[in-house]
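Student: The following comprises the amino acid sequence and a computationally predicted model.
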Amino acid sequence: SAVISQKPSRDICQRGTSLTIQCQVDSQVTMMFWYRQQPGQSLTLIATANQGSEATYESGFVIDKFPISRPNLTFSTLTVSNMSPEDSSIYLCSASQGASQPQHFGDGTRLSIL
Amino acid sequence: GDSVTQMEGPVTLSEEAFLTINCTYTATGYPSLFWYVQYPGEGLQLLLKATKADDKGSNKGFEATYRKETTSFHLEKGSVQVSDSAVYFCALSENDYKLSFGAGTTVTVRA
């Protein structure tokens, strides 16, 4: 199964700043995804990162707030823009080889905004 | 749309007890079903999966059977250990690759 590395693993940021999270997969994958997990809760899909085209965002998430890049089949970034305390969460990257294949997750980025 | 309903926690057990976490789903087609585990401070790890009706997924002593007639995928382990303390998520995926997660069940095993 794919091994996924995320960085940073955690950060404390100031209100109004932006942070870019990187996700690296050790093999080429078809699909990459970004999730948010608020404290004590389940995972919510932010967007599907599409290689070579714009990401597909879920309801409630917009590109201006969460711009995503996917320049190739092994790498993606998520930026959390103009952060506020409500953005304090764990952000997780996942990857899948295709339909009916499981998604494998990175260890997540624990983000706190002061 | 697709959804997963998972047994609410938290669940507290003694070591060597039997664990069951109920999971039922709603889907338009024939989804693949998964159980993921999240240990404290870590990301999600795939525990087991089943891709069609009557399939049984198993790993690390955990089992779950894909029951189409009851739209269920209950997780079971016959004898839990302290190291099984974690949050368990049931999830499904249809052809669009997206995962729909249940709310998660926190399991604490006491020595």
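Tutor: It's in.

Student: and the helix or strand of chain B with the lowest mean pLDDT, what does it pack onto?
Tutor: Every helix and strand in chain B was compared by mean pLDDT, DSSP states H and E; the lowest is strand B:99-101, with a mean of 91. Helices and strands touching strand B:99-101, as assessed by 3 or more Cβ pairs under 8 Å, 6 or more residues apart in numbering or on different chains; DSSP states H and E, comprise strand A:43-49, strand B:3-6, strand B:86-93. In this view, the C-beta of every residue, glycine as well, is placed from N, C-alpha and C.

Student: Show residues contacting stretch B:66-74.
Tutor: B:20-27, B:30, B:33, B:35, B:50-57, B:64-65, B:90 (Cβ atoms under 8 Å, 6 or more residues apart in numbering or on different chains).

Student: let's see 10 Å
Tutor: Stretch B:66-74 is contacted from outside by B:4-7, B:20-27, B:30-35, B:48-57, B:63-65, B:90-92, B:102, using Cβ atoms under 10 Å, 6 or more residues apart in numbering or on different chains.

Student: Listing partners with orientation, what would you give for the least confident helix or strand of chain B?
Tutor: strand B:86-93 (antiparallel) (DSSP bridges).

Student: and the strand it pairs with with strand A:43-49, angle?
Tutor: Comparing the axes of strand B:86-93 and strand A:43-49 via axes from the mean of the first three to the mean of the last three Cα atoms, to 10 degrees yields an angle of 50 degrees.

Student: And the strands in the chain, which stretches?
Tutor: You didn't say which chain, so I picked chain A. With strands called from DSSP state E, chain A shows them at A:4-7, A:10-13, A:19-25, A:31-37, A:43-49, A:56-57, A:68-72, A:75-80, A:89-96, A:104-105, A:109-113.

Student: Oops, wrong one, chain B.
Tutor: B:3-6, B:11-14, B:19-21, B:23-26, B:32-38, B:44-50, B:56-59, B:62-65, B:75-77, B:86-93, B:99-101, B:105-110.

Student: With mean neighbour count and distance to A:V62 added, can I get the ones you listed in TSV?
Tutor: Below are these laid out as TSV (neighbours: other Cβ atoms under 10 Å in any protein chain shown; distance: least, Cβ to Cβ, whole Å):
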stretch	mean neighbour count	distance to A:V62
strand B:3-6	18	24
strand B:11-14	14	37
strand B:19-21	18	35
strand B:23-26	18	28
strand B:32-38	24	27
strand B:44-50	21	25
strand B:56-59	14	36
strand B:62-65	20	36
strand B:75-77	20	36
strand B:86-93	24	24
strand B:99-101	23	21
strand B:105-110	17	32
